[in-house]
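[1] Let me see the structure of the following:
(chains A and B)
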Amino acid sequence: MSSSPAHALHLTERETPAIAAEPAPTVEPVHSPVTIAVLAARWFRLNKSRLRATLIGALSLVAFLILWHLLTKYRVVFFVRFTNVPSPLAVYESFTTAIHDPKFLMHVSLSCRRIIFGFSLAALVAVPLGLVMGRFKLIHETVFPVAEVLRPIPAIAWVPMAIMLWPTNEQSIVFITFLGSFFPILVNTLHGMVLVDPVLVRAARCLGAKEASIFREVYFPASLPHIFTGLTVGMGVAWVSLIAAEMISGQYGIGYFTWEAYSLVQYADIALGMIAIGVLGLTSSVLIRSAGRLAMPWGRT
Amino acid sequence: MSLVEAKAGEGHIEVKNFALSYETIDGSVAAVTNTQIHVKPGEFVSIVGPSGCGKSTLLNAVAGFLKPTAGTVTVDGEEVKGPSAERGMVFQQYSLFPWKTVQENVEFGLKMRCMDRSRRDRAARTLLGLAGLEAFGKHYPDRLSGGMKQRVGIVRALATGPKVLLLDEPFGALDAQTRVIMQQILNNMWQRLKISVLFVTHDIDEAIFLSDRVYCMTARPGSIKAEVPIPLERPRQQSMMMSSEFLALKRGLMSLIREESLKAMGGEISDQGLQGLNIDLHGQSLAEIL
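    Model prediction:
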């Protein structure tokens, strides 16, 4: 009797090093002191493919800028007309003046505020709704048909309706942003709930978990990867909807800035507005992705 | 060790006149009929049978996931009404929570019982030590091998101090070498904890090596075809699997299951049909014939 547990341990110890997923740190016998040159060479070897990707990416961007510059410098007209398109240098120039211009910064910050309100509201409503729809059949049966009817309507198509619905212009723009991100978040959350492995739910039940704990400890974390997919997609659509809404009905906002630049024949500002929108969209998706990594430390990246 | 050691005399499983059928569009289909099994306190009992015979169905009914259409399932005289922490279960697919570390997985049942953090932590460490996994508490399950995952699965089920342990083909997804080691580990754990075990498998060697008794089920609809006591002495060693006593038991069980497996295949293959694999090609290659 007393020998058997020892036997078990012996067996497991023998098994673990061979199977352990995490490679043990390689302890090479160090003969010569590790110099900085050796370390640098090692680092280079390990990061070779990443360096390569960065280098090629940078070259590709530079090539794009040069092409843009040449097309505008020679005012190429070949089906597409580059006659009035601003050159990269002109755009850079208007950028340097714009960042000191409080009006431009006001446009940017207003757009950001609309996104934060619209998107956060959408997430606060769509995620819990998707979770309860996935868990309770009656709620699913009630809400799903309505959601399916409204979902194919693009948020921009809501502009006239939104102007009628909301007392201020600002509210209707936030509403459009909300609508744009709402459905991708809802649908993905629901999808995540459907895909929860039923064996995990059974395992939780066997360990004494009741309904509320199962929801909190199994359904919610199991759906998180899909929820974050929904948030990423939703953020993209939120920007699309916001810019369109600002162009149509707005005063202020980076979408309005871009449209106004066209009306005022300030062509460099059009490109500046576009680039600003791109940078803002990229930043917000990076933020969501890092939030996802923080919320799901178990996932591999 | 008092934490997980079963109380003496507890964990008596009794399945009486059990039947379970599913409703389909063509009427009800019997999965298991007229089945009686029992597991005495501290006994290790296996159920073997051809695939689809309803052995997992039976186990799921003992766990409380399925309701019998007829008959009763009781543990220590109390009727099973739904899943509970009194009946620990280990699944073939490991079913560890991927978002919890190994330690948190093991603590889960205790957390559900509102045990405070420090006691939970101590209990989980002890259990992980028992499975030789003390160094892996902070890892997430996807970093572990299959054998390690299933060891976590077993200690997680044991953490709540269940009266019985139910295992549904727990080593079915493991490679042959890991499997043998896992059988030895389970055998040693059981020897130490004296808990009642109901073990479902299709591996006859595994069933004989681990069990006090083996139930052999018929093809669908499943019922008990034979009950085979395993009189091999304990503690058991891998070397016993070569003994004549072991091989005799294996031969007996294999012929029982073979009959049922052929039946389960619906007579598509007769014993003669199986010999058809030795077709005489008269020296020609297959390509020439075709």
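
[2] tell me the pLDDT at A:H31?
    Predicted confidence (pLDDT) for A:H31: 61.

[3] hey, where'd the helices end up in chain B?
    Along chain B, the segments classed as helices by DSSP state H run B:55-63, B:102-112, B:117-130, B:146-159, B:176-193, B:204-210, B:244-264, B:271-275, B:286-289.

[4] Of those helices, which shows the lowest average pLDDT?
    Looking at the helices of chain B, the weakest mean confidence is helix B:271-275, a mean of 56.

[5] hang on, the earlier thing: could you dump the helices of chain B to JSON lines with distance to chain A and mean neighbour count?
    All C-beta atoms are positioned from the backbone trio N, CA, C, and that covers glycine. JSON lines is the format used below for those (distance: least, CB to the nearest CB, whole Å; neighbours: other CB atoms under 10 Å in any protein chain shown):
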{"stretch": "helix B:55-63", "distance to chain A": "6", "mean neighbour count": "23"}
{"stretch": "helix B:102-112", "distance to chain A": "4", "mean neighbour count": "24"}
{"stretch": "helix B:117-130", "distance to chain A": "7", "mean neighbour count": "17"}
{"stretch": "helix B:146-159", "distance to chain A": "6", "mean neighbour count": "25"}
{"stretch": "helix B:176-193", "distance to chain A": "4", "mean neighbour count": "19"}
{"stretch": "helix B:204-210", "distance to chain A": "14", "mean neighbour count": "22"}
{"stretch": "helix B:244-264", "distance to chain A": "19", "mean neighbour count": "16"}
{"stretch": "helix B:271-275", "distance to chain A": "35", "mean neighbour count": "9"}
{"stretch": "helix B:286-289", "distance to chain A": "42", "mean neighbour count": "8"}
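
[6] want to throw these into TSV with distance to B:S223?
    Compiled in TSV, those are given as follows (distance: least, CB to CB, whole Å):
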stretch	distance to B:S223
helix B:55-63	10
helix B:102-112	33
helix B:117-130	37
helix B:146-159	28
helix B:176-193	27
helix B:204-210	18
helix B:244-264	11
helix B:271-275	23
helix B:286-289	43
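
[7] I'd like to know which of those helices is closest to A:S223.
    Closest approach to A:S223 among the helices of chain B is made by helix B:102-112 (18.2 Å; CB to CB).

[8] Hmm, B:T33 is touching B:G222, no?
    Yes: at 7.3 Å, B:T33 counts as touching B:G222 under the criterion of CB atoms under 8 Å.

[9] more neighbours, the two?
    Higher neighbour count among B:T33 and B:G222: B:G222, with 29 against 19, using other CB atoms under 10 Å in any protein chain shown.

[10] burial count for the spatially closest residue to that one that is not a sequence neighbour?
    Nearest residue to B:G222, sequence neighbours excluded (CB to CB, 6 or more residues apart in numbering or on different chains): B:G54, at 3.3 Å. Neighbours of B:G54 under the rule other CB under 10 Å: 25.

[11] Which residues are in contact with B:G54?
    B:20, B:31-32, B:217, B:220-222 (CB atoms under 8 Å, 6 or more residues apart in numbering or on different chains).

[12] A:F119 and chain B: what is the separation?
    As judged by CB to the nearest CB, to the nearest Å, A:F119 and chain B stand 25 Å apart.

[13] Any idea how many residues pack against A:L105?
    By the criterion of other CB under 10 Å, A:L105 has 12 neighbours.

[14] Hmm, A:F182 and A:G234 touching each other?
    Yes: the criterion here is CB under 8 Å, and A:G234 meets it with A:F182 at 7.3 Å.

[15] circling back to that earlier point, which pLDDT value belongs to the residue nearest to B:G222?
    B:G54 is assigned 89 on the pLDDT scale.

[16] With B:M1 instead?
    Here the pLDDT value assigned to B:M1 is 39.

[17] for the one 10 residues further on, same thing?
    Among the per-residue scores, B:G11 holds a pLDDT of 90.

[18] Please apply the same query to the one 4 residues further on.
    What the model reports as pLDDT for B:V15 is 95.

[19] That one touches B:T57, doesn't it?
    No: judged on CB under 8 Å, B:V15 makes no contact with B:T57 at a distance of 11.7 Å.

[20] so A:V149 is in which element?
    In the assignment (DSSP states H and E), A:V149 maps to helix A:137-150.

[21] any idea how far B:L130 is from B:E23?
    Remark: distance between B:E23 and B:L130 (CB to CB, to the nearest Å) = 43 Å.

[22] Is there a neighbour count for whichever residue of chain B sits closest to chain A? I'd like the number.
    Residue nearest to chain A within chain B: B:G132 (2.8 Å; CB to the nearest CB). Using other CB under 10 Å, B:G132 has 21 neighbouring residues.

[23] Phi first, then psi, for residue 54.
    Here I'm looking at chain A. phi -60, psi -40 (degrees, to the nearest 10).

[24] Kindly report the same for B:G11.
    The phi/psi pair for B:G11 (degrees, to the nearest 10) reads phi 90, psi 40.

[25] how about the strands in the stretch 1-150 of chain A?
    Under the criterion DSSP state E, counting those that start in this stretch, strands of the stretch 1-150 of chain A are mapped to A:77-78, A:80-81.

[26] partners of the last one, with directions?
    With DSSP bridges as the criterion, the sheet partners recorded for strand A:80-81 are strand A:77-78 (antiparallel).

[27] Average pLDDT for the partner strand, rounded please.
    Mean predicted lDDT for strand A:77-78 stands at 88.

[28] what sits up against it?
    A:T83.

[29] How far off centre is the helix or strand encompassing A:A271?
    Under the criterion of DSSP H and E, A:A271 resides in helix A:267-295. Helix A:267-295 sits 9 Å away from the centroid of its parent chain (CA atoms, centre = their mean, to the nearest Å).

[30] and it, which residues are buried?
    Residues of helix A:267-295 classed as buried by neighbour count (16 or more other CB atoms under 10 Å in any protein chain shown): A:267-273, A:276-277, A:280-281, A:284-285, A:288, A:292.

[31] And for stretch A:164-172?
    A:170, A:172.

[32] Quick check: end-to-end length of that stretch?
    Stretch A:164-172 has its terminal residues 8 Å apart, counting by CA to CA, to the nearest Å.

[33] Now do that stretch: distance to the chain's middle.
    Centre-to-centre, stretch A:164-172 and its host chain are 27 Å apart (CA atoms, centre = their mean).

[34] Repeat that for stretch B:76-85.
    That offset, for stretch B:76-85, works out to 19 Å (CA atoms, centre = their mean).

[35] who's in contact with that stretch?
    By CB under 8 Å, 6+ apart, stretch B:76-85 touches A:202, A:205-208, B:10-12, B:14, B:61-65, B:72-74, B:87, B:89, B:109, B:112-113, B:160, B:162-163.

[36] what do you get if the cut-off is 6 Å, keeping everything else the same?
    Stretch B:76-85 has contacts (CB atoms under 6 Å, 6 or more residues apart in numbering or on different chains) with A:205-208, B:12, B:63-64, B:73, B:109, B:160.

[37] Kindly report the same for stretch A:274-294.
    A:228, A:231-232, A:235, A:239, A:254.

[38] Max pairwise distance over those: which two?
    Farthest apart among those by CB to CB are A:F228 and A:I254. That separation is 25.5 Å.

[39] Same drill for those two, tell me which one is more crowded.
    A count of neighbours by other CB under 10 Å puts A:I254 above the other of A:F228 and A:I254, at 26 against 22.

[40] how far away is the nearest residue to the more buried one once chain neighbours are set aside from chain B?
    In space, and not counting its chain neighbours, A:I254 is closest to A:S111: 4.4 Å by CB to CB, 6+ apart. Distance of A:S111 to chain B, computed by CB to the nearest CB: 35 Å.
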